[in-house]
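Colleague: pasted the sequence and its predicted model underneath.
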Amino acid sequence: ILNVEQSPQSLHVQEGDSTNFTCSFPSSNFYALHWYRWETAKSPEALFVMTLNGDEKKKGRISATLNTKEGYSYLYIKGSQPEDSATYLCAFTSGNTPLVFGKGTRLSVIA
Amino acid sequence: NAGVTQTPKFQVLKTGQSMTLQCAQDMNHEYMSWYRQDPGMGLRLIHYSVGAGITDQGEVPNGYNVSRSTTEDFPLRLLSAAPSQTSVYFCASSYSRISSYEQYFGPGTRLTVT
């Protein structure tokens, strides 16, 4: 079973702070890396799907980078707001295989 | 589009009972999957389907059956419920089996087995 690690497990930041967290995955047989945002009492929603080494994607104040050679992806949130509070999941696939999810990073933004 | 729908939202079962969790999508997605979410464990794949008539096991398939007779529907059947199956269950769908397409998740079913 492929191992996808996310760190930190949880994070508390003040409103206005910028923050980032990490997803580590196997560097061999890479195909795609997904990021999802999961608010409490809701279902996960896709943020990014990244497939190429060096990919950088951005949606509003949230951005992500990808390094497939060393097996990691960073998610950045600029100027955190209380509505950014959620669990952020990454998921890895090596091809025509199901996604393997990490356990997530739980972000709390304090007003 | 309703997207991915799941019923019921909540269910309480007694040990040994069977039931079916329903999942439907109206996006003509080829790929559908079932996950369970437990505290500290993240999302774990139970079963998935790459198209009508085709299903396969995920990481934690024991105690569950699935079928995919239509593109739209992917029900998950608990054969004989056990307390270890107390969890939140999410159904998801994706345009293609190719994993570069994002998954769309249903609202979840919270199941308690006593």
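Modeller: Noted; the coordinates are in hand. Numbering: from 1, shown residues only, chains lettered A, B, ... in the order given.

Colleague: only C-alpha atoms for contact and neighbour calcs from this point on.
Modeller: Fine.

Colleague: list, one by one, the residues from chain B near chain A.
Modeller: Proximity of chain B to chain A, by C-alpha under 8 Å from any C-alpha of the partner chain, involves residues B:40-45, B:58, B:90, B:97-108.

Colleague: so which elements touch the worst-scoring helix or strand of chain A on mean pLDDT?
Modeller: None of the helices or strands of chain A scores lower by mean pLDDT, DSSP states H and E than strand A:100-101, at a mean of 93. Strand A:100-101 is packed against strand A:86-93, strand B:42-51, with contacts defined by 3 or more C-alpha pairs under 8 Å, 6 or more residues apart in numbering or on different chains; DSSP states H and E.

Colleague: can you list the strands that that strand pairs with?
Modeller: Sheet pairing of strand A:100-101 (DSSP bridges) gives strand A:86-93 (antiparallel).

Colleague: mean confidence (pLDDT) on the partner strand, please.
Modeller: Taken as a whole, strand A:86-93 carries a mean pLDDT of 95.

Colleague: and that strand with strand B:42-51, angle?
Modeller: The directions of strand A:86-93 and strand B:42-51 differ by 50 degrees, with axes from the mean of the first three to the mean of the last three C-alpha atoms, to 10 degrees as the criterion.

Colleague: in CSV, list the helices and strands packed on strand A:100-101 along with mean neighbour count.
Modeller: Converted to CSV, the helices and strands packed on strand A:100-101 look like this (neighbours: other C-alpha atoms under 10 Å in any protein chain shown):
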stretch, mean neighbour count
strand A:86-93, 25
strand B:42-51, 22
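
Colleague: now those strands in CSV, with distance to residue A:55?
Modeller: Formatted as CSV, the helices and strands packed on strand A:100-101 follow (distance: least, C-alpha to C-alpha, whole Å):
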stretch, distance to residue A:55
strand A:86-93, 15
strand B:42-51, 25
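
Colleague: any weak-confidence spans in the chain?
Modeller: As the question left the chain open, I've gone with chain A. Low-confidence segments of chain A (pLDDT under 70): A:1.

Colleague: thank you, goodbye.
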